[in-house]
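> Would you be able to build a 3D model of this:
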Amino acid sequence: MQFKHPEILYFLFLLIVPILVHLFQFRRFKKEYFTNVRFLSALSVQTRKSSKIKKWLLLGSRLLFMLFLILAFAQPFFEAKDNSNATNEMYIILDNSFSMQAKGKKGELLRRSVQELLENTPENATFSLITNSETYWNTDIKSIQNSLQNLKYSALPFQLDQLMAKVKSHKSAFKKDIVIITDAVGLDKKQLKNNDKNELTYFIIPKAEQKNNVAIDSVSIHETLENFYEINVELSNYGDDFKPIPIAIYNGNKLIAKTLVQFDTKKKSQFFTIPKQDFHGSVSITDNSLEYDNTLYFSISKTKKVNIISIGEAEKSNFLSRIYTADEFNFSNSTLASLDYNSLEKQDVILLNEIDEIPQALQITLKSFVEKGGNLVFIPSSKNTVANINSFLSHFGTAQFKPLKNVEKLISKINFNHPLFASVFENKISNFQYPKTNASFEIAASGPAALYNDDQSPFLTALSKPASTVYIFSAPINSINSNFQQSPLIVPVFYKIAMSNQKNAVTALTIGNQQAFFTDVLLSKDAVLSVRNATEQFIPVQQILNNKVKLIFNDYPLQAGNFEIYNQKTPVENISFNYSRTESNWADANENILSDYKIIDSIATVFNTIETERTDNQIWKWFVIFALLFLIIEMAILKFLK
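Down below sits the predicted model:
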């Protein structure tokens, strides 16, 4: 037992006062005379004894009264079990990612968690609340009640390490209690790696009852016909419920097509045919689980001709003019000597077709071209030196050439998973007529190739940049060195290289993805592009690049949907944004990695535990009660004991 005011205990010396009063009672006795004292002796003895008992009882009650009264003023207490953490500051991390849309026993996980915070957080408790999208420092439950009730789901996935970094950045002289409310979807050991063991961390894991979910993953153009697009909608089924679900395609608010998706596997491709025109709409499904991944917004711009230039000898580019026809492409060829460098800025794809030496000025120009979103194709010349080639390729990545070898090789393997061959082949072909090369370089590159030689060395590989791609062949493909121009592969390879430019693809960006977007527009120096729809408007980070503008959207927009890019009041291009699908799979809920942490069932338990373990057991009230009790006893003795 300890005392809050131990100095009061010095007053215990006052206990000597009733003792002194008891020992030195100066009481005058009055003599009484009786005529007959024969019976007085026995009565006198009895009176003396009862008086003596009464005095001792009074002394005891007075001593105990004063003792308990003094002890009560000293405020005795028993120290709390966890007294060392009594001054800790409270931090609550609340997961408001889309997986918290799942329904538990009492409704949506996020809404139920918010309600528990409102109901069970003490009004006088000061804490800081951190969500995926909002931060409230040193607040109380009344101050943020409205904000919590209106808290929206965040497009940002739950990243515990980033939120914990926010907590650590809030400097304080006190230790921290951290309460983390999350469904643990996507949680991994990496996010827990930097947790401070000195901080007390509690996890509350709300659980969903319905763990089946269907998500729309992506939309792409599967095939381009004369008047139609055949688009491919990729869906994922998470769970064991394989019931058919309705799926519909809308252009704006107009219904284009609708059908039922029959799931026989976890992944499903659903094909639709839509008119070949500007498309600014969405594809949506209806299921009874998470809602955020039931709609995917996408845009397809009106088909534009792709500008392509081949730099090299004209006779070596004849095969390209047969692939890049005038109805889809603006194709031209130029020798290195007659090349107009200013025209390169207007191209979408540039092919270096067996140039014997790449000048330094051209290298710098092509580097800038790729950075601005243009695709580059490099076909080496057998006369080019390895040093010149590697100097050129060093501008784009880690691919390096080794010396030319005059060894015949068969081009025998297609990487069907490579983006270049997406939706090109209906079936995987293994018995086609292999093209060959008589002499080739070896390429040392880290990424997977699109085509391989029979010795597993790359024949065609690609270096992916943030907004463009550099395609690299390992051998000259002129008719003397190779029969690749006569191969069935020649058309899909070069056609897909040209059409991989974003102009003729589906635009469906992911919110939070830092990938650059290029739009063709001529801006004056002080002009700014904005992005808007009926409910939201923002200005992205932008950089003017000649006849293009590079846009980076960071974490905008806040909500998925179809938008338009505006140059002042003039619409420039349609664009669509969607939420990341990282929260769609409830099987990613990884509660097992939290075995080293304290998992509790509710926020009420947190506050009750903290109050119980960190609050001193004040017992001064009991001493006041005992003091009053002995005061009453003293009064009763005086009144009733004769």
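> Now the helix or strand harbouring Ser391: buried residues?
Element membership for Ser391, per DSSP states H and E: helix 386-393. Neighbour counts using 16 or more other C-beta atoms under 10 Å place 388-389, 392-393 of helix 386-393 among the buried residues. For the C-beta atoms, the positions are set from N, CA and C on the backbone; glycine is no exception.
> which element follows that helix toward the C-terminus?
Following helix 386-393 in sequence, per DSSP H and E, is strand 400-405.
> how much does that next one deviate in direction from helix 386-393?
Orientation of strand 400-405 against helix 386-393 (axes from the mean of the first three to the mean of the last three C-alpha atoms, to 10 degrees) gives an angle of 150 degrees.
> helices or strands up against strand 400-405?
Using 3 or more C-beta pairs under 8 Å, 6 or more residues apart in numbering; DSSP states H and E, the elements in contact with strand 400-405 are helix 386-393, strand 440-444.
> Show me what that strand pairs with in its sheet, parallel or antiparallel.
strand 440-444 (antiparallel) (DSSP bridges).
> average model confidence for the very next helix or strand once past the strand it pairs with?
Moving toward the C-terminus from strand 440-444, the next helix or strand (DSSP H and E) is strand 449-453. Mean pLDDT, strand 449-453: 88.
> quick one: contacts for the nearest residue to Ala444 once chain neighbours are set aside?
Closest residue to Ala444 apart from its sequence neighbours, by C-beta to C-beta, 6 or more residues apart in numbering: Gln400 at 4.8 Å. By C-beta atoms under 8 Å, 6 or more residues apart in numbering, the contact set of Gln400 is 390, 393-394, 443-445.
> So what's the residue count around the closest residue to Tyr556 other than its chain neighbours?
Nearest non-adjacent residue to Tyr556, counting by C-beta to C-beta, 6+ apart: Phe538, 4.6 Å away. Residues near Phe538, counting by other C-beta atoms under 10 Å, number 13.
> Was I right to think Phe538 contacts Ser530?
Yes: using C-beta atoms under 8 Å, Phe538 is in contact with Ser530, at 7.1 Å.
> what's the distance between the most centrally placed residue in the chain and Phe563?
With distances taken as C-alpha atoms, centre = their mean, the residue of the chain nearest its centroid is Pro157 (2.3 Å). Distance, Pro157 to Phe563, using C-beta to C-beta, to the nearest Å: 22 Å.
> Now the terminal residues of stretch 146-153, how far apart.
End-to-end distance for stretch 146-153, by C-alpha to C-alpha, to the nearest Å: 15 Å.
> which residues touch it?
For stretch 146-153, using C-beta under 8 Å, 6+ apart, the contacting residues are 94, 96-98, 100-101, 110, 114, 117-118, 129, 131, 133-134, 136, 292.
> Report all helices and strands that the helix holding Ser391 contacts.
Going by 3+ C-beta pairs under 8 Å, 6+ apart, helix 386-393 lies up against helix 360-371, strand 400-405.
> right, so of the ones you listed, which gets closest to Asn237?
Between Asn237 and the helices and strands packed on helix 386-393, the shortest gap by C-beta to C-beta is with helix 360-371, which sits at 39.0 Å.
> Downstream of the closest one, the next helix or strand is which one?
strand 375-379.
> Sheet-wise, list the partners of that next one with their directions.
strand 349-353 (parallel), strand 469-473 (parallel).
> what would the ones you listed look like in JSON lines with mean pLDDT?
Output for the strands paired with strand 375-379, formatted as JSON lines (pLDDT from 0 to 100):
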{"stretch": "strand 349-353", "mean pLDDT": "92"}
{"stretch": "strand 469-473", "mean pLDDT": "90"}
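> Between the ones you listed, which one is closest to Gly512.
strand 469-473 (22.6 Å).
> Report the distance from the closest one to the chain centre.
33 Å (C-alpha atoms, centre = their mean, to the nearest Å).
> wait, which of the contacts of stretch 146-153 is closest to Met635?
Nearest member of these to Met635, counting by C-beta to C-beta, is Leu118, at 51.0 Å.
> before we move on, which element is the closest one in?
Counting by DSSP H and E, Leu118 is part of helix 109-120.
> Three-state assignment for Leu69, please.
The three-state assignment at Leu69 reads helix, by DSSP: H, G, I helix; E, B strand; the rest coil.
> Surely it touches Leu629?
No: using C-beta under 8 Å, Leu69 is not in contact with Leu629, being 11.2 Å away.
> Now do the contacts for the residue nearest to Tyr556.
530-532, 556-557.
> 7 Å instead?
Counting by C-beta atoms under 7 Å, 6 or more residues apart in numbering, Phe538 makes contact with 531, 556-557.
> Show me those residues that map onto strands.
Val531 (DSSP state E).
> For the contacts of Phe538, give me TSV that also has neighbour count.
Listed next are the contacts of Phe538 as TSV, based on neighbours: other C-beta atoms under 10 Å:
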residue	neighbour count
Val531	22
Tyr556	19
Pro557	21
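> Just the helices from the stretch 201-350 of the chain, written as ranges.
318-323 (DSSP state H, counting those that start in this stretch).
> Sketch out the low-pLDDT regions of it for me.
By pLDDT under 70, the stretch 201-350 of the chain has no low-scoring segment.
> Okay, strands next: where are they in the stretch 401-550 of the chain?
With strands called from DSSP state E, counting those that start in this stretch, the stretch 401-550 of the chain shows them at 409-414, 436-437, 440-444, 449-453, 458-464, 469-473, 506-507, 509-510, 517-520, 529-532, 537-538, 541-545, 548-552.
> and those strands as TSV, adding distance to Phe577?
Listed next are the strands of the stretch 401-550 of the chain as TSV, based on distance: least, C-beta to C-beta, whole Å:
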stretch	distance to Phe577
strand 409-414	34
strand 436-437	44
strand 440-444	37
strand 449-453	30
strand 458-464	22
strand 469-473	23
strand 506-507	9
strand 509-510	5
strand 517-520	10
strand 529-532	9
strand 537-538	11
strand 541-545	15
strand 548-552	12
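> right, and these - which one's nearest Gln75?
strand 537-538 (59.3 Å).
> what pairs with the closest one, and is each one parallel or antiparallel?
Partners of strand 537-538, by DSSP bridges, with direction: strand 529-532 (antiparallel).
> Give me the below-cutoff pLDDT ranges for the stretch 51-200 of the chain.
Looking at the stretch 51-200 of the chain by pLDDT under 70, you get 77-87, 194-198.
> how about a cut-off of 80?
51-56, 58-59, 62, 68, 71-72, 74-88, 171-173, 186, 188-200 (pLDDT under 80).
> ranges for the strands of it?
So, for the stretch 51-200 of the chain - with DSSP E, counting those that start in this stretch - the strands run 76-78, 89-94, 103-104, 107-108, 127-131, 135-139, 176-181, 200-204.
> Show residues contacting the fifth one.
For strand 127-131, contacts defined as C-beta under 7 Å, 6+ apart pick out 90-94, 96, 136-139, 144, 151, 154, 163, 166-167, 170.
> what about 8 Å?
89-96, 121, 135-140, 144, 148, 151, 154, 163, 166-167, 170.
> What of the fourth one?
Defining contact as C-beta under 8 Å, 6+ apart, one finds that strand 107-108 is touched by 100-102.
> Just the pLDDT at the residue lying closest to the residue nearest to the centre of the chain once chain neighbours are set aside, thanks.
Nearest non-adjacent residue to Pro157, counting by C-beta to C-beta, 6+ apart: Thr582, 4.6 Å away. Confidence at Thr582, expressed as pLDDT, is 84.
> One more: Phe494?
Per the predicted model, pLDDT is 89 at Phe494.
> And for it, the neighbour number?
19.
> right, so of the helices and strands packed on strand 400-405, which gets closest to Thr224?
Nearest of those (C-beta to C-beta): strand 440-444, 30.9 Å.
> mind listing what's buried in that closest one?
Buried, per 16+ other C-beta under 10 Å, within strand 440-444: 440-443.
> Distance to Ser464 and pLDDT for those - can I get that in a markdown table?
Below are the buried residues of strand 440-444 laid out as a markdown table (distance: C-beta to C-beta, whole Å; pLDDT from 0 to 100):
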| residue | distance to Ser464 | pLDDT |
| --- | --- | --- |
| Ser440 | 23 | 90 |
| Phe441 | 21 | 91 |
| Glu442 | 21 | 89 |
| Ile443 | 15 | 88 |
